[in-house]
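*Asks:* have a look; sequence and predicted model below, questions after that.
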Amino acid sequence: MPGIVVGFDGSVHSERSIEWALQEAALRHVPLTVLAVHPVAKSMWTRTAIIYPADESDVDKARTAARESVDKLASQIVASERPAVTVEAVNGVPAEELIKAGGDADLLVVGARGSGGFGRLRLGSVSSQVTHHATCPVVVVPSASPS
C-alpha cells in the first residue's frame, strides 16, 4: 500500500490518528489507507488468526465505523486538497495486520493508545509492537492529554 496507512480501532485516539494522517497525506499528495482491524484470537499451534463466520459482520461494522470517521474528519479539509482515501477492514491480530499493511507503505500511523483496557499506559500494546516491528517509518500520534 504505497502512501500512508493509518490504523483505526474506534477509539478517540484512532480518530486523532486519522485526522493527523489525513492532513499529512494532503500535504504530501499521497493516498491514505485507513485499516480497521476486528481483533480475533490467534491459534497457539498454527500461529494464524482464528476467524469464525460471525466475525464477518463485526468486520463490516468496523469498516462502517472507520468510513464514518473518515467522512466526518475529511469534511474539515478543503475538497480540492483532500487525499484519495481507501477504507479497508480485516479480521486479525491488530499489530500484525498493521505491520503487514505497512510493508510497502511510505508511512504507518497509529495512536499512542487504543481501545485496550490499560488506560494509564502511555503507549498501548499495538503501537508498541508496530514501532518495534514495522519495516517503514512509523508515527505515533499522542493522546490529546495525559491520562
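*Replies:* Perfect, I can see it now. Residues are numbered from 1 along each chain as shown.
*Asks:* run through this protein and note the low-pLDDT ranges.
*Replies:* The chain contains residues with pLDDT under 70 at 1, 113-124, 144-147.
*Asks:* list the helices and strands the longest helix seen in it packs on?
*Replies:* Using DSSP state H to define each element, the chain has its longest helix at helix 55-74. If you count contacts as 3 or more CB pairs under 8 Å, 6 or more residues apart in numbering; DSSP states H and E, helix 55-74 packs onto strand 4-8, helix 12-28, strand 32-39, strand 85-92. C-beta: built from backbone N, CA, C; applies to glycine.
*Asks:* residues in contact with the third one?
*Replies:* Right, the one you point to is strand 32-39. Outside strand 32-39, the residues that touch it by CB atoms under 8 Å, 6 or more residues apart in numbering are 1, 3-10, 18, 21-22, 25, 55, 58-59, 61-63, 65-66, 69-70, 83-94, 97-98, 101, 105.
*Asks:* any idea which of the helices and strands packed on helix 55-74 is most buried?
*Replies:* strand 4-8 (a mean of 29; mean count of other CB atoms under 10 Å).
*Asks:* what pairs with that strand, parallel or antiparallel?
*Replies:* strand 32-39 (parallel), strand 107-111 (parallel) (DSSP bridges).
*Asks:* now distance to R47 too, for those strands, in CSV please.
*Replies:* Converted to CSV, the strands paired with strand 4-8 look like this (distance: least, CB to CB, whole Å):
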stretch, distance to R47
strand 32-39, 16
strand 107-111, 22
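*Asks:* closest one to T131 among those?
*Replies:* Taking CB to CB, strand 107-111 is the member of the strands paired with strand 4-8 nearest to T131, at 8.0 Å.
*Asks:* good, we can wrap up now.
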